[in-house]
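Engineer: need coordinates for the below:
(one chain, ligands or ions: 2)
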Amino acid sequence: MPAHRHVVPPRADRGHLKLTESELRQWGHELGRSITPPLIVTLTGELGVGKTTLAQAICQGYGVRDEITSPTYALIHEYRAPKSAVFHIDLYRLDSPDQLTNIGWDEIVSSRSLILVEWPERAGPRLPDSHLPIDLDYVPDDPTRRILLAG
Ligand SMILES: Nc1ncnc2c1ncn2[C@@H]1O[C@H](COP(=O)(O)OP(=O)(O)O)[C@@H](O)[C@H]1O
Ligand SMILES: [Mg+2]
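Structural biologist: Ligands and ions are numbered 1, 2, ... in the order given. Below you'll find the predicted structure:
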């Protein structure tokens, strides 16, 4: 999204970038520090690729002091940070976009917060067009690194 380009730390949008876990956390921390709300960040990629790990780092960089755990079962975890509230959402267990109404999706996406969404594809047409997309991929012969694409 060109509108969000200014918040993407350098390197990620110059082709494929292969990061170790600590490099990915550092990158996420830097991104979190540079974010001004409101912003929706989507995190796509297979199970276990590092979406929650990156979300934790973004939250920490943004100023969340609480422990950040995966919202796999609750679907939504809400945190406080100096700049705004933070919603960390995992839609993996969502059955259909209709169910978003019950979890307060409309209120959350219209709040002036930082919103991190794992499995955003499950939201279908209810995902706002204006978001910063981040995609993670496995590296075939290196289990310690992930390919990061952002912006
Ligand atoms: N380069 C890397 N980046 C992110 N996670 C990594 C990396 N290398 C190994 N891992 C491990 O992969 C796992 C990612 O898990 P998680 O963040 O919960 O994934 P997801 O939310 O995508 O299902 C963690 O156990 C983490 O330690
Ligand atoms: Mg996860």
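Engineer: what's near enough to touch the residue in the chain positioned nearest to ligand 2?
Structural biologist: Residue of the chain nearest ligand 2, by Cβ to the ion: Thr52 (3.4 Å). Glycine gets a C-beta too; all of them are placed from N, C-alpha and C. Residues near Thr52 by Cβ atoms under 8 Å, 6 or more residues apart in numbering: 70, 90, 118.
Engineer: and with 7 Å instead?
Structural biologist: Thr52 is in contact with 70, 118, counting by Cβ atoms under 7 Å, 6 or more residues apart in numbering.
Engineer: now the host helix or strand of it: how far from the chain's centre is it?
Structural biologist: Following DSSP states H and E, one finds Thr52 within helix 51-62. Using Cα atoms, centre = their mean, to the nearest Å, the mean C-alpha position of helix 51-62 is found 7 Å from that of the whole chain.
Engineer: so Leu54 touches Val41, yeah?
Structural biologist: No. Applying Cβ atoms under 7 Å as the test, Leu54 and Val41 come out as separate, 9.1 Å apart.
Engineer: who's more crowded, the two?
Structural biologist: Using other Cβ atoms under 10 Å as the criterion, Leu54 and Val41 rank with Leu54 on top: 29 against 25.
Engineer: show the pLDDT at the residue nearest to the more buried one when sequence neighbours are not counted.
Structural biologist: The shortest distance from Leu54 to any non-neighbouring residue, by Cβ to Cβ, 6 or more residues apart in numbering, is to Gly28 (4.7 Å). Gly28 is assigned a pLDDT of 96 by the prediction.
Engineer: how many neighbouring residues does whichever residue of the chain sits closest to ligand 1 have?
Structural biologist: Distance from ligand 1 to each residue of the chain (Cβ to the nearest ligand atom) is smallest for Gly50, at 2.9 Å. A count of neighbours around Gly50, defined by other Cβ under 10 Å, yields 23.
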